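Enquirer: Following is a predicted model, sequence given first.
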Amino acid sequence: MTGRMDNAILGKLEAFARRRHRLILLRGIFSVVGILSGVMLVVATIDFSVPFLADWVRWGMSGVGY
């Protein structure tokens, strides 16, 4: 038995590897966007629901959000 694979199989494996890499990259990007949106939503909710926040608290929450 030789250690060589058919070129068709190698082509399919390379195509699969490219698709997998692209999907993992997209999952990471969408995860970052989702987490950032969630954090900003929490900061905005706290800012909206507590009427008398000091300016330094608002600045601090914005800094934590970013």
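Expert: Good, I have the coordinates.
Enquirer: Poorly predicted segments of the protein, please.
Expert: Applying pLDDT under 70 to the chain flags the ranges 1-2.
Enquirer: Go again with 90.
Expert: Under the criterion pLDDT under 90, the flagged ranges of the chain are 1-7, 43-44, 46-66.
Enquirer: In it, where's the longest helix?
Expert: Looking across the chain with DSSP state H, the single longest helix is helix 7-49.
Enquirer: Can you point out the buried residues in the helix or strand following it?
Expert: Proceeding N to C from helix 7-49, the next assigned helix or strand is helix 55-65, under DSSP states H and E. By 16 or more other Cβ atoms under 10 Å, the buried positions in helix 55-65 come out as M61. Yep, even glycine has a C-beta here, placed from its N, CA and C like the rest.
Enquirer: Residues contacting helix 55-65, please?
Expert: 39-40, 43, 46-47 (Cβ atoms under 8 Å, 6 or more residues apart in numbering).
Enquirer: Going through these, which ones are buried?
Expert: V43.
Enquirer: Select, from the contacts of helix 55-65, the two members most distant in space.
Expert: Greatest spacing in those, by Cβ to Cβ: V39 and D47 (12.5 Å).
Enquirer: if we can go back for a sec, now render the contacts of helix 55-65 as CSV, adding distance to A8.
Expert: Formatted as CSV, those follow (distance: Cβ to Cβ, whole Å):
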residue, distance to A8
V39, 47
M40, 48
V43, 53
I46, 57
D47, 59
